[in-house]
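In: All I have is the shape, not the residue letters:
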């Protein structure tokens, strides 16, 4: 699983590099940041701005949304939305 997470992280960083205000957290980093003990997903993507609008359906950009889903699926994950600004990558 750790290899899948590492590859997913690499692909997510590449995919999100064109957007601003994007952060990718491991579950351990997320739990420290949020001061809790969650096990909801192995990676958490947070964002504001353009990518946030796309993922929340405010921008008509299904291509970008589907590309993100394809990246997750390629590595054996699916995406669940947490807050309006966070998406959790959960192993299938």
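Out: Sure, I can see it. What you see is a predicted model; the values in this text were computed from it and never measured.
In: So which bits of stretch 53-70 are buried?
Out: 54, 55, 64, 65, 68 (16 or more other CB atoms under 10 Å). The C-beta positions use only the backbone N, C-alpha and C, and glycine is treated the same way.
In: List phi and psi for the fourth one.
Out: As for residue 65, its main-chain torsions (degrees, to the nearest 10) stand at phi -60, psi -50.
In: residues touching it, list them.
Out: Contacts for residue 65 (CB atoms under 8 Å, 6 or more residues apart in numbering) come out as 54, 55.
In: In this structure, what helix or strand scores lowest on average pLDDT?
Out: helix 27-34 (a mean of 81; mean pLDDT, DSSP states H and E).
In: downstream neighbour of it in the secondary structure list?
Out: Heading C-terminal from helix 27-34, the first helix or strand you meet, by DSSP states H and E, is strand 43-47.
In: ok, now which ones touch the closest residue to residue 47 other than its chain neighbours?
Out: Nearest non-adjacent residue to residue 47, counting by CB to CB, 6 or more residues apart in numbering: residue 22, 4.4 Å away. By CB under 8 Å, 6+ apart, the residues touching residue 22 are 16, 45, 46, 47, 51.
In: Repeat that for residue 5.
Out: So, once contact is read as CB under 8 Å, 6+ apart, residue 5 ends up touching 26, 42, 43, 75.
In: For the residue nearest to residue 47, what are phi and psi?
Out: Taking degrees, to the nearest 10 as the convention, residue 22 sits at phi -120, psi 130.
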